[in-house]
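*Asks:* structural data only, the sequence is not supplied:
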């Protein structure tokens with residue numbers, strides 16, 4: 001039965017690497033197991049094979065903008081498995097650099113998010129998706145900007161405070 005939430009242990013980490021286009025080049029055993037795909041089905045395929053329809057595009061826009069600039073980002077992400085189930089992660093995504101300081105690939109380490117954080121993130125993502133459906137990513141981005149302004153926090157301060 002699809003659309004069931006999967007979880008993993010507090011001490012476990014999901015790890016993956018992608019090339020500059022977002023194609024998966026590595027996934028640890030937990031990444032492969034929880035995704036429901038085989039390693040062969042994941043490698044050299046876009047990481048967004050796991051994208052859940054409940055994820056607002058603005059979060060990925062921010063993520064890609066940040067890592068392409070050579071900066072790290074933390075984000076809460078809802079992923080979808082091959083069978084249609086889902087799992088939440090608290091992701092730390094970083095660019096990796098070659099010896100000339102050029103970005104060579106991206107690396108993500110994900111852990112289980114706290115329930116308290118998800119209690120804040122889930123309604124926010126629902127709101128951002130609603131805005132996205134009404135007016136596209138620009139509308140969703142404006143809403144996120146307003147929410148952060150109302151909290152008096154940057155995106156990073158907000159995410160790290162959860």
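*Replies:* Nice, I can see it. On a predicted model such as this, the values are computed, not experimentally measured, just so you know.
*Asks:* for the strand ranked longest in the chain, enumerate the helices and strands it packs against.
*Replies:* Once the chain is assigned using DSSP state E, the strand that runs over the most residues is strand 86-97. In terms of contacts (3 or more CB pairs under 8 Å, 6 or more residues apart in numbering; DSSP states H and E), strand 86-97 is packed against helix 57-68, strand 73-80, strand 103-111. (C-beta placed from N, C-alpha, C; glycine too.)
*Asks:* out of the ones you listed, the one nearest residue 121 is which?
*Replies:* Closest to residue 121 of the helices and strands packed on strand 86-97, according to CB to CB: strand 73-80, at 4.5 Å.
*Asks:* TSV for the helices and strands packed on strand 86-97, including mean neighbour count, mean pLDDT and distance to residue 123?
*Replies:* Formatted as TSV, the helices and strands packed on strand 86-97 follow (neighbours: other CB atoms under 10 Å; pLDDT from 0 to 100; distance: least, CB to CB, whole Å):
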stretch	mean neighbour count	mean pLDDT	distance to residue 123
helix 57-68	17	97	14
strand 73-80	21	98	12
strand 103-111	18	98	21
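*Asks:* okay, these in CSV with distance to residue 126 next?
*Replies:* Shown next, in CSV, are those (distance: least, CB to CB, whole Å):
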stretch, distance to residue 126
helix 57-68, 13
strand 73-80, 11
strand 103-111, 21
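*Asks:* of the ones you listed, which approaches residue 29 most closely?
*Replies:* strand 103-111 (13.7 Å).
*Asks:* chain center to that closest one, what's the gap?
*Replies:* With CA atoms, centre = their mean, to the nearest Å as the basis, strand 103-111 stands 11 Å off its chain's centre.
*Asks:* then stretch 40-49?
*Replies:* Stretch 40-49 has its C-alpha centroid displaced from the chain centroid by 15 Å (CA atoms, centre = their mean).
*Asks:* what residues sit buried inside that stretch?
*Replies:* The neighbour-count check on stretch 40-49 (16 or more other CB atoms under 10 Å) flags 42, 47, 49 as buried.
*Asks:* and for stretch 13-23?
*Replies:* By neighbour count on 16+ other CB under 10 Å, the buried set for stretch 13-23 is 13, 14, 16, 17, 18, 23.
*Asks:* widest-spaced pair of those residues?
*Replies:* 13 and 23 (21.1 Å).
*Asks:* wait, residue 66 sits on residue 75?
*Replies:* No. Taking contacts as CB atoms under 8 Å, residue 66 lies outside contact range of residue 75: 9.1 Å.
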